[in-house]
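**Q** Sequence plus predicted model, see below.
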Amino acid sequence: MTILDKIVSRKKEEVALAKSNVSLAQLQASPLFLRTCYSLKESMENPQRNGIIAEFKRASPSKGLINGTSRVQDVVLGYEAAGASAVSVLTDTDFFQGSLADIQTAREVLQIPLLRKEFIVDTYQIAEAKAYGADIILLIAACLTPSEVKHFSEYAKSLGMNVLLEVHNAEELDANIFDSIDAIGVNNRNLKDFVVDLQHSYTLVDRIPDRFVKVSESGISEPTTIQQLKKAGFQGFLIGENFMKTTDPAKAIQAFVKQLEVN
Ligand SMILES: O=P(O)(O)OC[C@@H](O)[C@@H](O)c1c[nH]c2ccccc12
């Protein structure tokens, strides 16, 4: 059993429990549910912003505790101030020490698109994402069938949300191209063994149709890497650990972006 299998089976139990505590109707009645979402595409195309999707991540199965002290509102506001195009917040508790409360807190302070970083296995979690203030959902091809990806992405679009599909290889990419997807992310980290290799991005970029926002995810720690990924055809860069592992992630992104502008 891989770690991904473990996370997904735990997630299914968690969703069953959540459904019995809060009905779909209750989610739909929440004040945030009817709002208009920020557009990921628009934010990505805004020349005032830098393409970084900056992530709030306290811990991960591969690294253990990354940052146990920084507050979500301070970090995400720092990310926005540094010109990030979007913010990602982990909501999984058991493996990443995140929560829906973190998304809600981020939404209260942010005016850029917000991604619920979660292992989505049920449409209920998509309704939950909107109800707690997210604009974007992540669909991970490695743990879904193509028909689930299609169904979940169409449901998200029906709520006016944006969809980021995450792939790790050409098979996953080719099997999951749907009109209901807005952006495609290449995860440089293999979720089954945690090995990180930026080469996955370079290998897959030209295989992603140009109508999708192209995002490179994980293992980015140098501004020069962003320049190279841009040259290869990426518009988005998902970065977590590099900022979160410092005592002041807001300061870390600021210094990183400054470097980006010099280069
Ligand atoms: O911290 P990094 O190496 O910069 O990676 C961020 C992000 O890509 C990573 O957290 C991630 C990518 N896909 C995921 C799926 C689930 C959980 C986490 C992830």
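**A** On my side now, so go ahead. Numbering: from 1, shown residues only.

**Q** how about the strands in the stretch 1-150 of the chain?
**A** 52-56, 59-60, 64-65, 86-90, 114-117, 136-140 (DSSP state E, counting those that start in this stretch).

**Q** What is the fourth one packed up against?
**A** Using 3 or more Cβ pairs under 8 Å, 6 or more residues apart in numbering; DSSP states H and E as the contact criterion, the elements in contact with strand 86-90 are helix 40-45, strand 52-56, helix 72-81, helix 100-109, strand 114-117. In this view, the C-beta of every residue, glycine as well, is placed from N, C-alpha and C.

**Q** Which parts of the fourth one count as buried, going by neighbours?
**A** Right, the one you point to is helix 100-109. 100, 102, 103, 104, 105, 106, 107 (16 or more other Cβ atoms under 10 Å).

**Q** do the same with the third one
**A** For helix 72-81, the buried set under the neighbour-count rule, 16+ other Cβ under 10 Å, comprises 72, 75, 76, 77, 78, 79, 80.

**Q** For the stretch 1-150 of the chain, what lies in contact range of the ligand?
**A** 55, 57, 117, 140 (Cβ under 6 Å from any ligand atom).

**Q** Let me know the closest of these to residue 226.
**A** Residue 226 lies nearest to residue 55 out of those, by Cβ to Cβ, at 14.9 Å.

**Q** give me the beta-bridge partners of that closest one?
**A** Note on residue 55: beta-bridge partners residue 88, judged by DSSP bridges.

**Q** burial count for it?
**A** 26 (other Cβ atoms under 10 Å).

**Q** Relative to residue 76, how far out is it?
**A** According to Cβ to Cβ, to the nearest Å, residue 55 and residue 76 sit 10 Å apart.

**Q** Mutual contacts of these two, please.
**A** Contact criterion Cβ atoms under 8 Å, 6 or more residues apart in numbering; residues shared by residue 55 and residue 76: 87, 89.

**Q** Make a markdown table out of the buried residues of helix 72-81 and add pLDDT.
**A** Conversion of the buried residues of helix 72-81 to a markdown table gives the following (pLDDT from 0 to 100):
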| residue | pLDDT |
| --- | --- |
| 72 | 98 |
| 75 | 99 |
| 76 | 99 |
| 77 | 98 |
| 78 | 98 |
| 79 | 99 |
| 80 | 98 |
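
**Q** Just the element for residue 253, please.
**A** Assessed by DSSP states H and E, residue 253 sits inside helix 249-262.

**Q** Kindly apply the preceding question to residue 152 instead.
**A** helix 146-158.

**Q** So, low pLDDT: which residues of the stretch 151-263 of the chain?
**A** 263 (pLDDT under 70).

**Q** which stretches of it form strands?
**A** 162-167, 183-187, 213-217, 236-239.
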